[in-house]
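okay, structure incoming, though there's no sequence with it:
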């Protein structure tokens, strides 16, 4: 018998069974490296010859120039939208103010036109009052008409003794008297009316002016003797 040299290993005999059918159980064998049918494919398995690291390393993505540029664009768009919103808000506020002002102006104009149509009726009522004819049912109607003027905020002006004001009074009669110190309304021929600060109709009045002061005595002229003496 031949002896193996000392220091050499006995060669190993490897027998691989490549049969598809297990001779003992009769089941179909799956070749190494393949997955049975119906088994989900594993993507995290390491390829043959590769080894998985023992610890996973978390990779933090650093912001690139493209992402920084996108952030700048968003900030610019936000600023533009903010300016647009502020401009639209200011325009709407101005529009509301114009609408409110126009609405108030229309209401005031309508109230003034209606009051102007009532003034001739009110003049008749005042003349009837002066003659003592404002009684009975006529008085009830007159009170309602005057109530309309009050509801519109219209008030009458012009009384005897008031200082004459060309902006409020229309003088149709003038006379003078030493008993007055300033141009004075002495007779109201027609009432005036105003609504707030706006005069709707001036009052027709008679005005008495103070008498003009007497002219100062003329200065004495120098006599002929004085003139000759001066010579």
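Thanks, I have it. Keep in mind that this is a model prediction, so the values were computed, not measured.

any idea which helix or strand comes after the host helix or strand of residue 139?
Using DSSP states H and E, residue 139 sits within helix 136-151. Next in sequence after helix 136-151, counting helices and strands by DSSP H and E, comes strand 154-157.

still on that earlier bit, counting by contacts, list what the helix holding residue 139 packs against.
Counting contacts by 3 or more Cβ pairs under 8 Å, 6 or more residues apart in numbering; DSSP states H and E, helix 136-151 packs against helix 65-130. For glycine as for every other residue, the C-beta is placed from the backbone atoms N, C-alpha and C.

for the helix it packs on, packing partners?
For helix 65-130, the elements it packs on are helix 136-151, strand 192-195, strand 198-201, judged by 3+ Cβ pairs under 8 Å, 6+ apart.

format these as CSV; extra columns: distance to residue 116, mean pLDDT and mean neighbour count.
Conversion of those to CSV gives the following (distance: least, Cβ to Cβ, whole Å; pLDDT from 0 to 100; neighbours: other Cβ atoms under 10 Å):
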stretch, distance to residue 116, mean pLDDT, mean neighbour count
helix 136-151, 11, 91, 12
strand 192-195, 9, 94, 20
strand 198-201, 7, 94, 15
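
save those as a markdown table, and put in distance to residue 95 too.
Below are the helices and strands packed on helix 65-130 laid out as a markdown table (distance: least, Cβ to Cβ, whole Å):
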| stretch | distance to residue 95 |
| --- | --- |
| helix 136-151 | 31 |
| strand 192-195 | 28 |
| strand 198-201 | 26 |
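
quick one: which of these is nearest residue 110?
Counting by Cβ to Cβ, residue 110 lies closest to strand 192-195 out of the helices and strands packed on helix 65-130; the figure is 11.8 Å.

got the contact list for the closest one?
Around strand 192-195, the neighbours that count as contacts under Cβ atoms under 8 Å, 6 or more residues apart in numbering are 108, 111-112, 115, 119, 149, 152-158, 168-169, 199-204.

what of stretch 118-126?
Contact partners of stretch 118-126, identified using Cβ under 8 Å, 6+ apart, comprise 134, 142, 145-146, 148-149, 190-191, 193, 200-201.

low-confidence ranges in the chain?
Per-residue confidence of the chain (counting by pLDDT under 70) places the weak regions at 1-15, 17, 26, 28, 30-71, 213-231.

can we see that at 50?
1, 43-60, 214-220, 224, 227-229, 231 (pLDDT under 50).

got the contact list for residue 174?
Applying Cβ under 8 Å, 6+ apart, one finds that residue 174 lies in contact with 206-209.

tell me the one among these nearest to residue 93.
Comparing every one of these with residue 93 (Cβ to Cβ), the shortest separation belongs to residue 207, at 49.8 Å.

verify the stated contact: the closest one with residue 182.
No: in this structure, residue 207 is not within contact of residue 182 by Cβ atoms under 8 Å, at 10.2 Å.

tell me which of the two has more neighbours.
Neighbours were counted for residue 207 and for residue 182 using other Cβ atoms under 10 Å; residue 207 has more, 21 against 9.

could you list the residues in contact with the helix or strand hosting that one?
Using DSSP H and E, residue 207 maps to strand 203-210. By Cβ under 8 Å, 6+ apart, the residues outside strand 203-210 that reach it are 157-158, 164, 168-178, 180-192.

so among those residues, which ones count as buried?
157-158, 164, 168-169, 171, 180, 183-186, 188, 190-192 (16 or more other Cβ atoms under 10 Å).

in helices only, show me those.
Judged by DSSP state H, the buried ones among the contacts of strand 203-210 include no members of helices.
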